[in-house]
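**Student:** after the sequence you'll find the predicted model.
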Amino acid sequence: MKQPNEEPTIDRSRRVLFDEVADLYDEVRPRYPEALIEDVIALSGIPANGRILEVGCGPGIATLPFARRGYRMLGIELGGRLTALAAQNCRPYPAVEIRQIAFEEWQIEENAFDLAISGEAFHWIPPQVGYPRLAQALKPDGSAALFWILRIDPGTAVYQAIAAVHQKVAPFVMPTETIVTPEWLTQRIEANFAESGCFGQVRVRPYSWSELLTGEQYIKRLNTQSAYRNLDEPTRQKLLVACLDVIEEFGGMVERPYLDLLFHADQSL
(Lines give C-alpha, C1' and ligand atoms only; values in the text may rest on other atoms or scores of the structure.)
Protein backbone atom coordinates (compact mmCIF):
# COMPACT_ATOMS: atom_id res chain seq x y z
CA MET A 1 0.00 0.00 0.00
CA LYS A 2 1.24 3.48 -0.81
CA GLN A 3 2.20 5.39 2.31
CA PRO A 4 1.30 9.09 2.65
CA ASN A 5 4.94 10.20 2.43
CA GLU A 6 5.64 8.36 -0.82
CA GLU A 7 5.78 10.36 -4.04
CA PRO A 8 2.55 10.01 -6.04
CA THR A 9 2.65 8.25 -9.37
CA ILE A 10 0.33 8.92 -12.29
CA ASP A 11 -1.26 6.08 -14.19
CA ARG A 12 -2.15 8.01 -17.32
CA SER A 13 -4.34 5.20 -18.62
CA ARG A 14 -6.90 6.35 -16.05
CA ARG A 15 -7.58 9.57 -17.93
CA VAL A 16 -10.29 7.81 -19.98
CA LEU A 17 -12.27 6.77 -16.87
CA PHE A 18 -13.96 10.14 -16.38
CA ASP A 19 -15.95 9.76 -19.60
CA GLU A 20 -17.82 6.82 -18.02
CA VAL A 21 -19.42 9.21 -15.51
CA ALA A 22 -19.57 12.38 -17.61
CA ASP A 23 -23.02 13.48 -16.41
CA LEU A 24 -22.16 12.84 -12.77
CA TYR A 25 -18.83 14.66 -13.20
CA ASP A 26 -20.68 17.68 -14.58
CA GLU A 27 -23.21 17.55 -11.74
CA VAL A 28 -21.01 17.22 -8.68
CA ARG A 29 -17.43 18.31 -9.33
CA PRO A 30 -16.53 21.51 -7.46
CA ARG A 31 -16.31 24.79 -9.35
CA TYR A 32 -13.40 27.21 -9.24
CA PRO A 33 -13.42 30.34 -7.06
CA GLU A 34 -14.11 33.57 -8.91
CA ALA A 35 -10.92 34.97 -7.39
CA LEU A 36 -8.90 32.33 -9.25
CA ILE A 37 -10.54 33.18 -12.58
CA GLU A 38 -9.97 36.90 -12.05
CA ASP A 39 -6.32 36.28 -11.16
CA VAL A 40 -5.78 34.27 -14.33
CA ILE A 41 -7.13 37.17 -16.37
CA ALA A 42 -5.08 39.75 -14.48
CA LEU A 43 -1.82 37.78 -14.50
CA SER A 44 -2.09 36.91 -18.18
CA GLY A 45 -3.07 40.40 -19.29
CA ILE A 46 -5.28 38.80 -21.93
CA PRO A 47 -7.04 41.43 -24.08
CA ALA A 48 -10.82 41.65 -24.14
CA ASN A 49 -10.96 39.92 -27.53
CA GLY A 50 -8.24 37.40 -26.64
CA ARG A 51 -8.26 33.75 -27.54
CA ILE A 52 -7.87 30.93 -24.99
CA LEU A 53 -6.77 27.34 -25.51
CA GLU A 54 -8.13 24.97 -22.86
CA VAL A 55 -6.62 21.51 -22.49
CA GLY A 56 -8.86 18.83 -21.00
CA CYS A 57 -11.98 20.95 -20.77
CA GLY A 58 -14.16 18.10 -19.47
CA PRO A 59 -17.82 19.19 -19.40
CA GLY A 60 -16.81 22.86 -19.42
CA ILE A 61 -16.42 23.56 -15.70
CA ALA A 62 -13.46 25.90 -16.21
CA THR A 63 -14.58 26.91 -19.71
CA LEU A 64 -17.77 28.65 -18.70
CA PRO A 65 -16.32 31.36 -16.41
CA PHE A 66 -14.10 32.54 -19.27
CA ALA A 67 -16.81 32.10 -21.91
CA ARG A 68 -19.18 34.30 -19.89
CA ARG A 69 -16.54 37.03 -20.00
CA GLY A 70 -16.60 36.98 -23.80
CA TYR A 71 -13.28 35.32 -24.65
CA ARG A 72 -12.84 33.26 -27.78
CA MET A 73 -11.96 29.71 -26.80
CA LEU A 74 -10.93 26.33 -28.15
CA GLY A 75 -11.53 23.51 -25.70
CA ILE A 76 -9.84 20.18 -26.31
CA GLU A 77 -11.23 17.05 -24.65
CA LEU A 78 -10.44 13.36 -25.07
CA GLY A 79 -13.76 11.87 -23.93
CA GLY A 80 -16.70 11.75 -26.30
CA ARG A 81 -19.41 12.16 -23.64
CA LEU A 82 -17.53 14.97 -21.92
CA THR A 83 -17.02 16.71 -25.27
CA ALA A 84 -20.75 16.54 -25.99
CA LEU A 85 -21.57 17.93 -22.54
CA ALA A 86 -19.07 20.78 -22.93
CA ALA A 87 -20.53 21.68 -26.32
CA GLN A 88 -24.02 21.65 -24.83
CA ASN A 89 -23.04 23.73 -21.81
CA CYS A 90 -21.22 26.27 -23.99
CA ARG A 91 -23.97 26.56 -26.61
CA PRO A 92 -24.92 30.09 -25.45
CA TYR A 93 -21.36 31.22 -26.27
CA PRO A 94 -20.73 30.98 -30.03
CA ALA A 95 -17.11 32.11 -29.61
CA VAL A 96 -16.36 28.79 -27.90
CA GLU A 97 -15.40 25.73 -29.94
CA ILE A 98 -15.12 22.28 -28.36
CA ARG A 99 -13.11 19.61 -30.14
CA GLN A 100 -12.75 15.91 -29.28
CA ILE A 101 -9.12 14.87 -29.57
CA ALA A 102 -6.17 14.02 -27.35
CA PHE A 103 -3.99 17.09 -26.81
CA GLU A 104 -0.95 15.06 -27.86
CA GLU A 105 -2.61 14.37 -31.24
CA TRP A 106 -4.06 17.83 -31.85
CA GLN A 107 -2.51 19.63 -34.82
CA ILE A 108 -1.08 22.68 -33.10
CA GLU A 109 -2.23 26.11 -34.19
CA GLU A 110 1.09 27.84 -33.72
CA ASN A 111 1.28 31.34 -32.19
CA ALA A 112 -2.52 31.48 -32.12
CA PHE A 113 -3.52 31.89 -28.47
CA ASP A 114 -3.10 34.62 -25.87
CA LEU A 115 -3.60 32.22 -22.98
CA ALA A 116 -3.58 28.48 -22.38
CA ILE A 117 -5.45 27.05 -19.41
CA SER A 118 -6.04 23.64 -17.91
CA GLY A 119 -8.04 22.80 -14.81
CA GLU A 120 -7.58 19.45 -13.04
CA ALA A 121 -6.25 17.91 -16.25
CA PHE A 122 -2.68 18.72 -17.25
CA HIS A 123 -1.11 16.01 -15.07
CA TRP A 124 -2.61 13.45 -17.45
CA ILE A 125 -0.26 14.60 -20.22
CA PRO A 126 3.44 13.66 -20.08
CA PRO A 127 5.19 16.94 -19.17
CA GLN A 128 7.92 16.52 -21.77
CA VAL A 129 5.13 16.61 -24.37
CA GLY A 130 2.55 18.92 -22.83
CA TYR A 131 4.52 22.01 -21.85
CA PRO A 132 6.37 22.48 -25.18
CA ARG A 133 3.10 22.00 -27.08
CA LEU A 134 1.46 24.69 -24.95
CA ALA A 135 4.32 27.04 -25.76
CA GLN A 136 4.00 26.35 -29.49
CA ALA A 137 0.33 27.25 -29.43
CA LEU A 138 0.89 30.53 -27.58
CA LYS A 139 1.66 33.89 -29.08
CA PRO A 140 5.13 35.21 -28.15
CA ASP A 141 3.60 37.29 -25.34
CA GLY A 142 1.19 34.55 -24.28
CA SER A 143 1.07 32.67 -20.99
CA ALA A 144 -0.14 29.46 -19.39
CA ALA A 145 -2.35 29.00 -16.32
CA LEU A 146 -2.69 25.54 -14.81
CA PHE A 147 -4.82 24.93 -11.74
CA TRP A 148 -5.88 22.10 -9.48
CA ILE A 149 -8.28 21.56 -6.59
CA LEU A 150 -6.65 19.74 -3.67
CA ARG A 151 -8.79 18.05 -1.04
CA ILE A 152 -7.44 18.92 2.39
CA ASP A 153 -7.64 16.51 5.33
CA PRO A 154 -8.82 18.54 8.35
CA GLY A 155 -7.98 15.69 10.72
CA THR A 156 -11.47 15.58 12.16
CA ALA A 157 -13.07 12.43 13.55
CA VAL A 158 -15.24 11.85 10.49
CA TYR A 159 -12.23 11.98 8.14
CA GLN A 160 -10.28 9.65 10.42
CA ALA A 161 -13.19 7.22 10.28
CA ILE A 162 -13.37 7.51 6.46
CA ALA A 163 -9.63 6.77 6.25
CA ALA A 164 -10.13 3.72 8.49
CA VAL A 165 -12.85 2.45 6.15
CA HIS A 166 -10.45 2.76 3.21
CA GLN A 167 -7.82 0.83 5.14
CA LYS A 168 -10.31 -1.95 5.87
CA VAL A 169 -12.13 -2.26 2.53
CA ALA A 170 -9.58 -1.12 -0.06
CA PRO A 171 -6.17 -0.55 1.57
CA PHE A 172 -4.58 0.04 -1.84
CA VAL A 173 -6.75 3.16 -2.32
CA MET A 174 -5.72 6.07 -0.15
CA PRO A 175 -7.89 9.19 0.17
CA THR A 176 -6.42 11.72 -2.26
CA GLU A 177 -5.64 14.29 0.43
CA THR A 178 -3.17 11.90 2.07
CA ILE A 179 -1.16 11.55 -1.14
CA VAL A 180 -1.08 14.78 -3.13
CA THR A 181 0.12 17.58 -0.87
CA PRO A 182 0.34 21.28 -1.82
CA GLU A 183 4.12 21.09 -1.35
CA TRP A 184 4.52 18.14 -3.70
CA LEU A 185 2.27 19.62 -6.38
CA THR A 186 4.02 22.99 -6.23
CA GLN A 187 7.45 21.42 -6.52
CA ARG A 188 6.38 19.19 -9.40
CA ILE A 189 4.62 21.84 -11.48
CA GLU A 190 7.36 24.41 -11.00
CA ALA A 191 9.88 21.78 -12.09
CA ASN A 192 7.79 20.85 -15.14
CA PHE A 193 7.65 24.48 -16.28
CA ALA A 194 11.40 24.93 -15.70
CA GLU A 195 12.44 21.68 -17.36
CA SER A 196 10.47 22.54 -20.50
CA GLY A 197 12.67 25.59 -21.08
CA CYS A 198 9.68 27.32 -22.62
CA PHE A 199 8.43 29.48 -19.76
CA GLY A 200 9.67 32.08 -17.32
CA GLN A 201 9.08 32.42 -13.60
CA VAL A 202 6.08 30.57 -12.21
CA ARG A 203 3.65 32.51 -10.05
CA VAL A 204 1.74 30.41 -7.52
CA ARG A 205 -1.54 31.54 -5.98
CA PRO A 206 -3.47 29.58 -3.30
CA TYR A 207 -7.24 29.75 -2.67
CA SER A 208 -8.66 28.14 0.48
CA TRP A 209 -12.35 27.42 0.73
CA SER A 210 -14.78 24.77 1.92
CA GLU A 211 -18.31 23.53 1.42
CA LEU A 212 -20.78 21.44 3.37
CA LEU A 213 -21.82 18.21 1.65
CA THR A 214 -24.47 15.62 2.39
CA GLY A 215 -23.33 12.03 2.53
CA GLU A 216 -24.85 11.41 -0.90
CA GLN A 217 -23.01 14.39 -2.41
CA TYR A 218 -19.73 13.27 -0.88
CA ILE A 219 -20.12 9.76 -2.28
CA LYS A 220 -20.98 11.11 -5.72
CA ARG A 221 -17.74 13.12 -5.64
CA LEU A 222 -15.73 10.01 -4.80
CA ASN A 223 -17.42 8.17 -7.66
CA THR A 224 -15.96 10.66 -10.16
CA GLN A 225 -12.34 10.25 -9.02
CA SER A 226 -10.05 8.03 -11.06
CA ALA A 227 -8.79 5.96 -8.11
CA TYR A 228 -12.36 4.87 -7.36
CA ARG A 229 -13.39 4.44 -10.99
CA ASN A 230 -10.46 2.06 -11.40
CA LEU A 231 -11.77 -0.31 -8.70
CA ASP A 232 -13.76 -3.40 -9.59
CA GLU A 233 -17.47 -2.76 -9.15
CA PRO A 234 -18.06 -4.87 -5.99
CA THR A 235 -15.12 -3.27 -4.17
CA ARG A 236 -16.09 0.23 -5.23
CA GLN A 237 -19.67 -0.19 -4.09
CA LYS A 238 -18.61 -1.74 -0.78
CA LEU A 239 -16.21 1.13 -0.13
CA LEU A 240 -18.70 3.85 -1.07
CA VAL A 241 -21.48 2.33 1.05
CA ALA A 242 -19.12 2.05 4.01
CA CYS A 243 -18.08 5.70 3.62
CA LEU A 244 -21.71 6.76 3.43
CA ASP A 245 -22.49 4.80 6.61
CA VAL A 246 -19.67 6.64 8.39
CA ILE A 247 -21.01 10.04 7.34
CA GLU A 248 -24.51 9.10 8.44
CA GLU A 249 -23.14 8.09 11.84
CA PHE A 250 -21.61 11.57 12.14
CA GLY A 251 -24.89 13.35 11.41
CA GLY A 252 -25.22 13.01 7.64
CA MET A 253 -23.11 16.05 6.68
CA VAL A 254 -19.40 16.56 6.17
CA GLU A 255 -17.39 19.73 5.65
CA ARG A 256 -15.12 19.40 2.64
CA PRO A 257 -12.08 21.76 2.77
CA TYR A 258 -10.19 22.58 -0.43
CA LEU A 259 -7.05 24.35 -1.47
CA ASP A 260 -6.99 25.46 -5.11
CA LEU A 261 -3.54 26.12 -6.53
CA LEU A 262 -2.97 28.29 -9.60
CA PHE A 263 0.33 28.16 -11.49
CA HIS A 264 0.87 30.93 -14.03
CA ALA A 265 3.90 31.49 -16.23
CA ASP A 266 4.64 33.73 -19.21
CA GLN A 267 6.23 32.21 -22.26
CA SER A 268 9.97 32.84 -22.18
CA LEU A 269 11.19 35.15 -24.92
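**Tutor:** Received, thanks. Numbers count the residues shown, from 1 in each chain.

**Student:** show me where pLDDT drops low in the stretch 101-250 of the chain?
**Tutor:** Low-confidence segments of the stretch 101-250 of the chain (pLDDT under 70): 174-179.

**Student:** where do the strands of it begin and end?
**Tutor:** Secondary structure of the stretch 101-250 of the chain (DSSP state E, counting those that start in this stretch): strands at 113-119, 138-151, 199-214.

**Student:** what angle do the first one and strand 138-151 make?
**Tutor:** This means strand 113-119. Orientation check (axes from the mean of the first three to the mean of the last three Cα atoms, to 10 degrees): strand 113-119 against strand 138-151 gives 20 degrees.

**Student:** and strand 113-119, what other elements does it pack with?
**Tutor:** Helices and strands touching strand 113-119, by 3 or more Cβ pairs under 8 Å, 6 or more residues apart in numbering; DSSP states H and E, are helix 34-44, strand 51-55, helix 127-137, strand 138-151. C-beta here means a position set from N, CA and C on the backbone, and glycine is covered the same way.

**Student:** same thing but 7 Å
**Tutor:** When contacts are defined as 3 or more Cβ pairs under 7 Å, 6 or more residues apart in numbering; DSSP states H and E, strand 113-119 packs onto strand 51-55, helix 127-137, strand 138-151.

**Student:** so which of the ones you listed is the most packed in?
**Tutor:** strand 51-55 (a mean of 25; mean count of other Cβ atoms under 10 Å).

**Student:** contacts for the helix or strand that it is followed by?
**Tutor:** Next helix or strand after strand 51-55 toward the C-terminus (DSSP states H and E): helix 63-67. Identification of contacts with helix 63-67 by Cβ atoms under 7 Å, 6 or more residues apart in numbering yields 32, 37, 52, 54, 57, 73, 75, 86, 89-90, 93, 96.

**Student:** any chance of the residues you listed in CSV, plus distance to residue 183 and pLDDT?
**Tutor:** As requested, these are exported to CSV (distance: Cβ to Cβ, whole Å; pLDDT from 0 to 100):
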residue, distance to residue 183, pLDDT
32, 21, 97
37, 25, 98
52, 29, 98
54, 27, 98
57, 28, 97
73, 32, 98
75, 31, 98
86, 32, 98
89, 34, 98
90, 35, 98
93, 37, 98
96, 35, 98
